[in-house]
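S.K.: Got a predicted structure plus its sequence, pasted below:
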Amino acid sequence: MIVTNDRRLRLGEALKASVVGLVRAWRWAWGAMAVCALVWAVRPFMVGVLGWVWAAAALVAGLILIGALARTAISDDRNDARRLGLGAAGLQLGLPELRLLGAALLCSVFMAMILSVVALVLLAVFGMAELNAEAIRLRDWAAVGPIWKLVLLAVVTLLAFYGVLVMVVRLSLFAPATLGRGHMVSLNSMGIAQGSFRPLLGGLVVVVGLPILGLLILTGAGLPSGVATWIVWAVVISAFEAPLALAFLGAAYRRLEYWTPQGAPHD
């Protein structure tokens, strides 16, 4: 992987690279996609003790898929991906996947702490606002409280959610960074994404938000229905959504990374 000194993320370039990366992922990691889609598709049939077996299998399949897609997304060619540990058809399970799991857990714990603090702050702010609880219960919004208080609370709430969103977006590069650097990268990924919040958010809205919105619309319309709904979601997420998202994140990582191991090419 060649890391550039020009640490600027241009959204258009990254999205174009995502399309190329998606096609490449289909060619190099089709086995991982198939396994993950199959494991998640059988979830409705796993009951009782089988549910615990399925949970373990789903975790392993997810790690295999993310590991394969991250390697594919940050590599210049197939040989480069293989040097990073990419297996045949994207099927591999080793120390890098354990690093991915560790990084994901650390990011999750960090975000849980952030959400707890935000929730406590909002509760305290709303408590000090002394709104009319009975009016809220009755949904009599005109009697809840002065309009300036409601506007101020709305602004504070939006700012709090904006802060959480910034954290999530800046942590989003942990998977390609972990594979690219060869060690577990969790909170350090925020340094890589520093200064690129808007293009990262815009790209994630396109490659994650829009496909999910399309699936939700189809699901809401009853197309498909029943067990078929779960199967369609499993296939689309595994074979389209995840590869496209990792292709974008990998393209962003390649443009924003500033760290290189000793002796690595740097242009």
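M.R.: Alright, I've got the coordinates.

S.K.: burial of residue 151, as a residue count?
M.R.: 10 (other CB atoms under 10 Å). C-beta here means a position set from N, CA and C on the backbone, and glycine is covered the same way.

S.K.: Quick check: buried residues in the helix or strand containing it?
M.R.: Applying DSSP states H and E as the criterion places residue 151 in helix 147-171. Neighbour counts over helix 147-171 (16 or more other CB atoms under 10 Å) mark 153, 160, 167, 169, 170, 171 as buried.

S.K.: Just give me the closest of the residues you listed to residue 29.
M.R.: The closest of the buried residues of helix 147-171 to residue 29 turns out to be residue 171 (CB to CB; 23.1 Å).

S.K.: I'd assumed residue 107 was in contact with the closest one.
M.R.: Yes. Contact criterion CB atoms under 8 Å: residue 171 and residue 107 qualify, at 5.0 Å.

S.K.: Mutual contacts of these two, please.
M.R.: 186, 187, 189 (CB atoms under 8 Å, 6 or more residues apart in numbering).

S.K.: Narrow those to those that are buried.
M.R.: 186, 189.

S.K.: Kindly present the shared contacts of residue 171 and residue 107 as CSV, with separate columns for secondary structure and distance to residue 57.
M.R.: Formatted as CSV, the shared contacts of residue 171 and residue 107 follow (DSSP: H, G, I helix; E, B strand; the rest coil; distance: CB to CB, whole Å):
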residue, secondary structure, distance to residue 57
186, coil, 25
187, coil, 29
189, helix, 28
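
S.K.: Next secondary structure after the lengthiest helix in the chain?
M.R.: In terms of residue count, the longest helix belonging to the chain (DSSP state H) is helix 95-129. As assigned by DSSP H and E, the chain's next helix or strand after helix 95-129 is helix 133-137.

S.K.: Next, work out how far apart the closest residue to residue 165 other than its chain neighbours and residue 193 are.
M.R.: Of all residues not flanking residue 165 in the chain, residue 201 sits nearest, at 7.4 Å (CB to CB, 6 or more residues apart in numbering). Relative to residue 193, residue 201 is positioned 10 Å away (CB to CB, to the nearest Å).

S.K.: the more surrounded of those two?
M.R.: The neighbour comparison of residue 201 against residue 193 (other CB under 10 Å) goes to residue 193, with 23 against 18.

S.K.: how about that one, what does it touch?
M.R.: Counted by CB under 8 Å, 6+ apart, residue 193 has contacts 169, 170, 171, 172, 173, 200, 252, 256.

S.K.: quick one: the first one and residue 256, what's the gap?
M.R.: Same thing as residue 169. In terms of CB to CB, residue 169 sits 12 Å off from residue 256.

S.K.: Then the fifth one?
M.R.: From residue 173 across to residue 256, the span is 7 Å (CB to CB).

S.K.: for the fourth one, same thing?
M.R.: Distance, residue 172 to residue 256, using CB to CB: 11 Å.

S.K.: Give me the number of neighbouring residues for the nearest residue to residue 227 once chain neighbours are set aside.
M.R.: Closest residue in space to residue 227, ignoring its immediate chain neighbours: residue 44 at 5.0 Å, by CB to CB, 6+ apart. As a burial measure, residue 44 scores 13 neighbours (other CB under 10 Å).

S.K.: What strand or helix carries the nearest residue to residue 28 once chain neighbours are set aside?
M.R.: Nearest residue to residue 28, sequence neighbours excluded (CB to CB, 6+ apart): residue 72, at 5.1 Å. Per DSSP H and E, residue 72 falls inside helix 49-74.

S.K.: where in this structure is pLDDT low?
M.R.: 1-6, 260-267 (pLDDT under 70).

S.K.: before we move on, the earlier item: which other helices and strands does the helix or strand just after the helix holding residue 151 contact?
M.R.: Once the chain leaves helix 147-171, the next helix or strand it forms, by DSSP H and E, is helix 174-181. When contacts are defined as 3 or more CB pairs under 8 Å, 6 or more residues apart in numbering; DSSP states H and E, helix 174-181 sits against helix 49-74, helix 95-129, helix 189-193, helix 242-256.
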